[in-house]
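Student: sequence? don't have it. structure:
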């Protein structure tokens, strides 16, 4: 009996001392606020565990224990946060109390070592694996299989990415895709938003008559946006492309230019949109060039931040294909993605 009363007392105490997040629809979430970003508030609750709440749906919040708050102007205020009836926030700092609005709060954290600006300087790995498997039988027979994996080590001022891809498709027993690709890219921002990059890629594509294609490139990079929910960067440099073919065509090597555009956007802290475009023209022959385009959208599975469904479109355009192949190779794809740190 005493043990049950003790557990009940702890539960009541937790509720009484809990932080609160009030939503735009009037509902209130209780727990402990772990962190605040420009797009979300992370809350630890007793009933659903850790939960991220979209800040666009938040009206106000309050904390019982001190929390570090950084305002949009850069000022950091350590102390509890109170909410009044007008949904204004009252910050209780060492120099007194003052009022502010939710939009004026840039981010928040619990302990000094969790300061996002300090953590941004630390590099961390992020991994992504994707599997695609589909088929059709009856009037037509199709089979599609592909897998991809990438690992990214990123910090505030640089990023290193490794990736591999395998894709194979058949239609009516005839191979229409057979591609293997792997590579790496490193970007370092020496004077933000300016940086430099190097990249290298190996590719084998039997359907495109490519026994081996190697591409190495390097140059300057510029990022227009670099935030958690949106990124936009462009790059320009020089490249060297070597191609060896399955048929009797002689191997070729060409010095070229290298242009790229990368775009990422996360909507409502859940849906992700990504676009990448590369243009690699030859310096010696302007009519010889490659255009590589990839766009995809990720849809979350339920409330999971880890499991997602991806729908995408990939285009490879070779202006001077060998062996009678088509210039344009287009792939529509869907798959299951797992994303983790």
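Tutor: Now that the structure is in, tell me what you want to look at. Because the structure is predicted, anything quoted here is derived from the model rather than measured.
Student: got the end-to-end distance for stretch 38-49?
Tutor: 21 Å (C-alpha to C-alpha, to the nearest Å).
Student: now it: buried residues?
Tutor: 39, 40, 41, 42, 43 (16 or more other C-beta atoms under 10 Å). From N, CA and C alone the C-beta is placed, and that goes for glycine too.
Student: from the rest of the structure, what touches it?
Tutor: 11, 14, 19, 21, 29-36, 50-55, 58, 61, 106-107, 227-229, 266, 269 (C-beta atoms under 8 Å, 6 or more residues apart in numbering).
Student: centre of the chain versus it, how much separation?
Tutor: Centroid displacement of stretch 38-49 relative to its chain, using C-alpha atoms, centre = their mean, to the nearest Å, is 21 Å.
Student: which non-adjacent residue is nearest the residue most central in space within the chain?
Tutor: Compute the mean C-alpha point of the chain, and by C-alpha atoms, centre = their mean the closest residue is residue 264, 6.9 Å away. Residue nearest to residue 264 in three dimensions, not counting chain neighbours: residue 231, with 4.3 Å by C-beta to C-beta, 6 or more residues apart in numbering.
Student: quick check: that neighbour touching residue 263?
Tutor: Yes: between residue 231 and residue 263 there is a contact at 7.1 Å, judged by C-beta atoms under 8 Å.
Student: what about residue 56, which SS state?
Tutor: helix (DSSP: H, G, I helix; E, B strand; the rest coil).
Student: run a quick neighbour tally on the closest residue to it other than its chain neighbours.
Tutor: Distances taken as C-beta to C-beta, 6+ apart place residue 268 nearest to residue 56, at 7.2 Å, with adjacent residues excluded. Around residue 268 there are 12 other residues, counting by other C-beta atoms under 10 Å.
Student: from residue 109, how far off is residue 268?
Tutor: Noted for residue 268: a distance of 23 Å to residue 109, by C-beta to C-beta, to the nearest Å.
Student: what are the ranges of the helices in the stretch 51-200 of the chain?
Tutor: For the stretch 51-200 of the chain, the helices defined by DSSP state H, counting those that start in this stretch cover 116-120.
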